[in-house]
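**Q** requesting a structural model of the entry that follows:
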Amino acid sequence: MTGPLNGVKIVDISNMLMAPYTTQILGDMGADVIKIEPPEGDAVRGIGPMRNPGMGPIFLNTNRSKRSIVLDLKSASGGEAIRRLIRDADVLVYNRRPAVMDRLGLSYETVSTLNPRIIYAGIYGFGQDGPYAHKPAFDDLIQGLVGMPALSQVKDGGRPSYMPSAVIDRAVGLWAVGQINGALLHQARTGEGQRIDMPMYEMMASFVLGDHMGGATYDPPSGPMGYPRLLAQDRRPFPTADGFIGVMIYTDRHWKSFFAAMGTPEVFDTDPRYANMTTRTENIQSIYAELAELLLTRTSAAWLDLFDSADVPAMQMNTLDEMMVDPHLAETGFFTTVEHPTEGTLKQMAVPATWSRTQPGATRHAPKLGEHSDEILKELGFSDADIAEMVENGTTIVPDDDARLNKQGRASGGEET
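**A** This next block holds a predicted model:
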């Protein structure tokens with residue numbers, strides 16, 4: 001069996017996290033993803049801890065199922081190599097600002113002339129019609145713009161804070177996978193390529209405002225913005241007598257079952273705060289405060305048993321270490337052990353979806369810098385002498401550069417190095 005994108009070729013001019021996460025998912029689906037890196041490599045390679053330079057865990061977990069070629073795109077031979085790649089590609093993914101792509105000679109107008117059927121997919125900070133168009137963007141900056149730190153301050157009353165996860169990069173990356181796959185379907189049906197611009201700010205504005213637009217949904221506004229349940233101070237893992245648990249008593253049935261399990265079924269019928277979703281939302285601060293006080297009276301295990309018997313959603317709170325040994329993840333095979341040719345034994349996360357026919361999965365290990373430069377350049381028609389010259393002038397890096405040059409000599413036929 002092969003992945004659903006088997007036969008699709010993707011040119012990946014991206015770095016950091018967001019777009020590489022996108023292309024890893026597409027690579028796991030079977031696409032041939034060719035990751036183009038500058039001679040210094042993707043900066044994320046340097047985030048440790050690591051066993052070998054340039055092979056840190058974030059890179060390893062965001063760049064499997066790809067081939068790596070080093071190209072200095074500002075050089076003449078690097079520009080020629082990328083043009084040859086584009087002519088035979090189905091998709092080009094990039095996360096530079098469009099103005100940077102223009103300066104590299106890789107605008108949509110240029111690229112679509114080389115290959116009219118290509119999908120030109122840009123994942124970057126801001127829509128190009130607004131005043132922020134020229135600005136760089138990172139996860140933290142977009143979190144701030146879409147109000148995540150401000151919402152944390154409203155909820156907790158403390159200093160604004162970022163989420164301790166690159167939620168913007170991950171969310172936009174997942175969104176981009178869907179957009180690119182939709183464009184691939186259109187391409188398959190019609191043969192037509194197109195440009196897709198996927199700005200982080202606009203996407204995440206829709207993400208956050210989908211929860212918190214509230215009364216501003218109506219014109220004129222019918223009430224305040226913000227979803228009260230998400231902003232309730234006690235919407236957090238609840239402390240118990242010996243730890244913390246997550247509890248989601250949400251629907252009418254949940255609350256009715258909860259009070260029945262507590263031996264006080266009359267509360268649901270007599271306390272007007274619990275009458276329906278609207279009244280519970282309006283009174284969520286007091287409801288959650290009372291629940292928090294109640295949960296302190298029993299152990300986590302006792303509460304989880306009660307909630308399970310009442311069919312009320314509740315789970316333990318895991319630490320990162322506990323998640324690595326979580327029995328559910330173990331039983332479902334989420335973690336596997338793989339052997340990387342340079343990094344040794346690694347724990348690898350599975351694709352979190354099960355397909356009946358074309359199961360996605362890792363197709364390659366995360367590559368060393370330039371691991372496939374030689375292979376890809378030969379596929380593009382470059383000779384050994386061409387490649388040796390590109391190595392010498394710094395346009396590319398290939399595996400075992402020293403061995404290659406010692407064996408072949410310089411491209412000019414000069415002295416061996």
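**Q** okay, now the nearest residue to Met198 once chain neighbours are set aside: neighbour count?
**A** Among residues not flanking Met198 along the chain, Ile123 sits closest, at 4.8 Å (Cβ to Cβ, 6 or more residues apart in numbering). C-beta here means a position set from N, CA and C on the backbone, and glycine is covered the same way. Close neighbours of Ile123, defined as other Cβ atoms under 10 Å, add up to 27.
**Q** on the three-state scheme, Ile123 is what?
**A** The local conformation at Ile123, judged by DSSP: H, G, I helix; E, B strand; the rest coil, is strand.
**Q** show me the contacts for it.
**A** By Cβ atoms under 8 Å, 6 or more residues apart in numbering, Ile123 lies in contact with 14, 18-19, 22, 93-95, 172-173, 176, 198, 200.
**Q** hmm, 10 Å instead?
**A** By Cβ atoms under 10 Å, 6 or more residues apart in numbering, Ile123 lies in contact with 14, 18-19, 21-23, 93-96, 169, 172-173, 175-176, 179-180, 196-200, 203.
**Q** assign Ile10 to helix, strand or coil.
**A** strand.
**Q** now do Val338
**A** Once three-state DSSP is applied, Val338 turns out strand.
**Q** mind pulling up the pLDDT for it?
**A** Listed pLDDT for Val338 reads 96.
**Q** show me the contacts for the closest residue in space to it that isn't next to it in sequence.
**A** In space, Val338 comes closest to Gln348 once its chain neighbours are excluded; the distance is 4.8 Å by Cβ to Cβ, 6+ apart. Shown in contact with Gln348 (Cβ under 10 Å, 6+ apart): 60-61, 64, 334-338, 340, 361-362, 365-366.
**Q** so the most centrally placed residue in the chain: helix, strand or coil?
**A** Central residue of the chain (Cα atoms, centre = their mean): Arg170, 2.7 Å from the mean position. Secondary structure assignment for Arg170 (three-state DSSP): helix.
**Q** what's the answer for Ala183, then?
**A** Strictly by three-state DSSP, Ala183 counts as helix.
**Q** who touches the closest residue in space to it that isn't next to it in sequence in this structure?
**A** If the residues on either side of it in the chain are set aside, Ala183 comes closest to Ile119, at 4.5 Å by Cβ to Cβ, 6+ apart. By Cβ under 10 Å, 6+ apart, the residues touching Ile119 are 8, 10, 89-93, 179-184, 186-187, 192-196.
**Q** do the same with Ala171
**A** 18, 21, 139, 142, 165, 200, 203-204, 207 are the contacts of Ala171 under Cβ under 10 Å, 6+ apart.
**Q** paired strands for the host helix or strand of Leu346, with orientation please.
**A** Using DSSP states H and E, Leu346 maps to strand 344-349. Paired strands of strand 344-349, with direction, are strand 335-340 (antiparallel) (DSSP bridges).
**Q** what's next to the partner strand, contact-wise?
**A** The list of residues contacting strand 335-340 from outside it, by Cβ under 10 Å, 6+ apart, reads 51-52, 55, 60, 64, 323-326, 329, 344-350, 361-362, 365-366, 368.
**Q** gap between it and the chain center?
**A** With Cα atoms, centre = their mean, to the nearest Å as the basis, strand 335-340 stands 21 Å off its chain's centre.
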